[in-house]
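Colleague: 3D model of this:
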Amino acid sequence: MQKYIDLAKELGMADAMLISPNDIVFDIRALLKCRWGCTLAANNGRQSVRCNTGGVSLSERQDMVKAYKNILLLHCNDKMSLSRALLDVERAAFYDGYYLAFALKGCNLCKDCGAAKGEQCPTPKLARPCEEVFGVDVFATARGLGFPIEVVQKKGDLENRYGFVLIN
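Modeller: Numbering: from 1, shown residues only. So this is what the prediction gives:
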C-alpha cells in the first residue's frame with residue numbers, strides 16, 4: 001500500500017494515509033446534505049452522474065465501503081488535482097491486481113461542470129460518486145484522523161479537500 005501513498009504524493013497530494021473502514025464516519029445527515037444541499041443534486045430535479053446511487057440502498061452502499069480492507073485517504077487543497085489523483089491511484093491499484101479498486105469523491109474533472117448546468121457529462125466513465133451519497137461524513141472522518149478541515153468562509157480561503165480510494 002506504500003506504493004499508492006507514494007504515488008499520491010508524487011501526484012501533488014498534500015498527504016495520503018492508509019486507513020481502515022472503521023476510520024470512516026458514517027452519518028445519515030451526510031446524505032441529507034447531499035440530496036438537498038448540493039447544487040448538482042438539485043439542478044432542475046436532475047441528478048448528476050456523481051449523485052447516482054445505482055439503485056442501491058444506503059445500507060448496501062455503506063456495506064460496500066466496509067467490505068474493503070484498505071482505504072487510502074488523499075488530502076489536497078485543489079479539487080481538480082484531487083479528482084485526477086484519485087483516478088490515477090485507482091487505475092494503478094487496478095493494474096496491480098486490485099480489480100475492485102474504486103475512488104469515492106465528487107467529480108471535479110472539468111473546470112466548468114456541465115452537469116451542474118443540466119448538460120450531459122463529458123466524462124461519465126471517469127465520474128465517481130461523492131462520499132456523501134454513501135453517507136460518509138468527510139468532516140468527522142478527516143478530523144478524527146487529525147487532518148485539518150473547516151467550512152470555507154469566503155472565496156480565496158484555503159480549501160482542504162479529501163477523497164478515498166477503496167482497495168481490497
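
Colleague: ok, residue 134 to residue 67 distance?
Modeller: The spacing between residue 134 and residue 67, counted by C-beta to C-beta, to the nearest Å, is 12 Å. In short, each C-beta sits where N, CA and C put it, glycine included.

Colleague: how close does residue 95 get to residue 89?
Modeller: Residue 95 sits 11 Å away from residue 89, going by C-beta to C-beta.

Colleague: between the two, who's got more neighbours?
Modeller: Higher neighbour count among residue 95 and residue 89: residue 89, with 25 against 10, using other C-beta atoms under 10 Å.

Colleague: residues in contact with the more buried one?
Modeller: The neighbours of residue 89, taking C-beta atoms under 8 Å, 6 or more residues apart in numbering as the test, are 4, 7, 8, 11, 72, 74, 101, 103, 165.

Colleague: and the nearest residue to the fourth one once chain neighbours are set aside, what is it in contact with?
Modeller: In other words, residue 11. Nearest residue to residue 11, sequence neighbours excluded (C-beta to C-beta, 6 or more residues apart in numbering): residue 85, at 4.0 Å. For residue 85, the contacting residues are 8, 11, 12, 13, 74, 76, 163, taking C-beta under 8 Å, 6+ apart as the criterion.

Colleague: which strand or helix spans the third one?
Modeller: Just to be clear, that refers to residue 12. Secondary-structure assignment from DSSP states H and E places residue 12 in no helical or strand segment.

Colleague: any idea how many residues pack against it?
Modeller: By other C-beta under 10 Å, the residues close to residue 12 number 13.

Colleague: isn't it up against residue 82?
Modeller: No: with contact defined as C-beta atoms under 8 Å, residue 12 does not count as touching residue 82 (9.0 Å).

Colleague: hey, what's in contact with both of those two?
Modeller: Counting by C-beta under 8 Å, 6+ apart, the residues touching both residue 12 and residue 82 are residue 76.

Colleague: before we move on, the earlier item: in a markdown table: the contacts of residue 85, plus distance to residue 156 and pLDDT.
Modeller: What follows is the contacts of residue 85, written out as a markdown table (distance: C-beta to C-beta, whole Å; pLDDT from 0 to 100):
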| residue | distance to residue 156 | pLDDT |
| --- | --- | --- |
| 8 | 26 | 98 |
| 11 | 24 | 98 |
| 12 | 20 | 97 |
| 13 | 21 | 98 |
| 74 | 23 | 98 |
| 76 | 17 | 96 |
| 163 | 22 | 97 |
